[in-house]
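Enquirer: Quick one, structure for this:
(4 chains)
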2 protein chains.
Amino acid sequence: MAKIKSKKNGTKKETIIEVAAKLFHKKGFSATSMRDLAEHVGVEAASLYNHIQSKSEILQEICFNVANVFTVNIEEVDSSGSPAINKVEALLRFHIKQMINHYENVYISDREWKHLPDPYLSNYRNQRRIYRRRFAMIIEEGIQRNAIKKMDAPTAVLIMLHAISGIESWQRSKKKLSAELLEENMVMILIEGLREK
Amino acid sequence: MAKIKSKKNGTKKETIIEVAAKLFHKKGFSATSMRDLAEHVGVEAASLYNHIQSKSEILQEICFNVANVFTVNIEEVDSSGSPAINKVEALLRFHIKQMINHYENVYISDREWKHLPDPYLSNYRNQRRIYRRRFAMIIEEGIQRNAIKKMDAPTAVLIMLHAISGIESWQRSKKKLSAELLEENMVMILIEGLREK
DNA sequence: CAGATCGCCTACCGACTGTTAGTTTTATTA
DNA sequence: TAATAAAACTAACAGTCGGTAGGCGATCTG
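Expert: Reported below is the predicted structural model:
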């Protein structure tokens, strides 16, 4: 009867995941039921299973898509040969842009990954750990070349990443500040907090 | 049969809330069942209702306790007459200490408040909004007296608050860095990011 | 010691959970 | 147009959810 309307360039599975991302963001993974999701997709709950295998598969797709995007980016940034502080700025700007343009997915991969089932859970944790360690090593490099203040690098990474996750709140009051201005403000505060005077 | 062992200085209700906080932190509010909670308390699920009225009452207590602590503190800090940047530093240090010493509760009030039932939900949102606005006004004051760089004050507040929420991750790798050192690192990065040179 | 109160228990309620089975409708292709 | 594949439907499963009712034993109070 009612067929899932798939957007121009997307499979129905992708449509489902998009709708799910909105709901997971709004209510959380556990508080979103498959019947909720189905209703917002415009279909019966059972019909979803023609396109996905399980509820947690949706979460997996969201989390690992996001994680992979960041992993690819840090690879690129880190092999650029730029000074450390420029690398950090590049990472920061990328995080901010991702948060602004795909904030639901980034938000979910940040806060709901706990609900991944087990082989994926440890996988995700691992990828995350590696990413942060790599980020910290860039900061460490900057410290040793006196471009960045002496500090605990992992702490600096935590501050950066979590500060950016605050953009989610900004999303809700979009009107006040343009995306570009927001980015400049964040970079200014965070980079100047790192930079050796 | 098995009676709820209440700690020396605490009612049984407080014991339940403490255990619930641990579980809400670990698995999230929605994914924590009353039977889960009861088991960890050492009692049958139905027995919990001799001490609490509902699952969401537990969440309410946690969220509003935390919110009130911060509201009282900003009141005190803001009426101190210190320069703005010192006020910001005081707020920061208070946030960090709260996060370190009561991180489960702070974490929950930060991430699970969405699941509050409705009269409390808007109440909580309101209290939060007022707090942030007040924080932003302090920063604004610092900007006008040229003690703080020109920036969007609400953005700065978001950065501060979310940066601090990252301490939750730090909790999991406690060994590496002492609490005092962590506090100094965070304050250094964030305050220097704000300060006008 | 009598009576009341407290806090736990078992048993159960109706609603909802993710998911499956089997069937029917729709779209594609020969 | 007839056959096939894709995707929707209804119905239901077994289990869990938050929460309530009522009884039973321990403890407190007169």
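Enquirer: can we go C-alpha only for contacts and neighbour counts from here?
Expert: Noted.
Enquirer: contacting residues for A:Pro117?
Expert: Counting by C-alpha atoms under 8 Å, 6 or more residues apart in numbering or on different chains, A:Pro117 touches A:Ser56.
Enquirer: Can you give me the buried ones in stretch A:141-155?
Expert: By neighbour count on 16 or more other C-alpha atoms under 10 Å in any protein chain shown, the buried set for stretch A:141-155 is A:Glu141, A:Gly142, A:Ile143, A:Ala147, A:Ile148, A:Lys149, A:Lys150, A:Met151, A:Asp152, A:Ala153, A:Pro154, A:Thr155.
Enquirer: Is any residue of stretch A:76-95 near chain B?
Expert: No - using C-alpha under 8 Å from any C-alpha of the partner chain, stretch A:76-95 stays clear of chain B, coming no nearer than 12.8 Å.
Enquirer: ends of that stretch, how far apart?
Expert: 14 Å (C-alpha to C-alpha, to the nearest Å).
Enquirer: Show me which positions of that stretch end up buried.
Expert: A:77-78, A:84-95.
Enquirer: who touches it?
Expert: Counting contacts by C-alpha under 8 Å, 6+ apart, the residues outside stretch A:76-95 that touch it are A:73-74, A:135, A:138-139, A:141-142, A:147-148, A:160-161, A:164, A:183, A:187, A:191, A:195.
Enquirer: Which ones among the residues you listed map onto helices?
Expert: Per DSSP state H, helices hold the following members of the contacts of stretch A:76-95: A:73-74, A:135, A:138-139, A:141-142, A:160-161, A:164, A:183, A:187, A:191.
Enquirer: Could you turn the buried ones of those residues into a PyMOL selection?
Expert: With 16+ other C-alpha under 10 Å as the criterion, this PyMOL line picks the buried residues out of those:
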select buried, chain A and resi 74+135+138+139+141+142+160+161+164+183+187+191
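Enquirer: In CSV: the ones in helices among the contacts of stretch A:76-95, plus pLDDT and distance to chain B.
Expert: Output for the ones in helices among the contacts of stretch A:76-95, formatted as CSV (pLDDT from 0 to 100; distance: C-alpha to the nearest C-alpha, whole Å):
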residue, pLDDT, distance to chain B
A:Asn73, 98, 22
A:Ile74, 98, 20
A:Phe135, 96, 15
A:Ile138, 96, 16
A:Ile139, 94, 13
A:Glu141, 94, 17
A:Gly142, 94, 15
A:Met160, 90, 7
A:Leu161, 93, 8
A:Ile164, 91, 7
A:Glu183, 87, 10
A:Val187, 88, 10
A:Ile191, 82, 7
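Enquirer: give me every residue that touches the residue nearest to A:Met137 when sequence neighbours are not counted.
Expert: The shortest distance from A:Met137 to any non-neighbouring residue, by C-alpha to C-alpha, 6 or more residues apart in numbering or on different chains, is to A:Ala153 (7.5 Å). Shown in contact with A:Ala153 (C-alpha under 8 Å, 6+ apart): A:Ala136, A:Met137, A:Ile139, A:Glu140.
Enquirer: And A:Ala153, how far from B:Leu158?
Expert: For A:Ala153, the distance to B:Leu158 (C-alpha to C-alpha) stands at 22 Å.
Enquirer: Now the spatially closest residue to A:Ser56 that is not a sequence neighbour: phi and psi?
Expert: Closest residue to A:Ser56 apart from its sequence neighbours, by C-alpha to C-alpha, 6+ apart: A:Leu116 at 6.4 Å. The phi/psi pair for A:Leu116 (degrees, to the nearest 10) reads phi -60, psi 140.
Enquirer: who touches A:Leu116 in this structure?
Expert: A:Ser56, A:Leu59, A:Gln60.
Enquirer: Would you mind writing the ChimeraX command to select the buried ones in those?
Expert: Here is the ChimeraX selection string for the buried members of those, based on 16+ other C-alpha under 10 Å:
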select /A:59,60
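Enquirer: what kind of secondary structure is A:Thr32 in?
Expert: Under DSSP: H, G, I helix; E, B strand; the rest coil, A:Thr32 falls in the coil class.
Enquirer: Okay then, goodbye and thanks.
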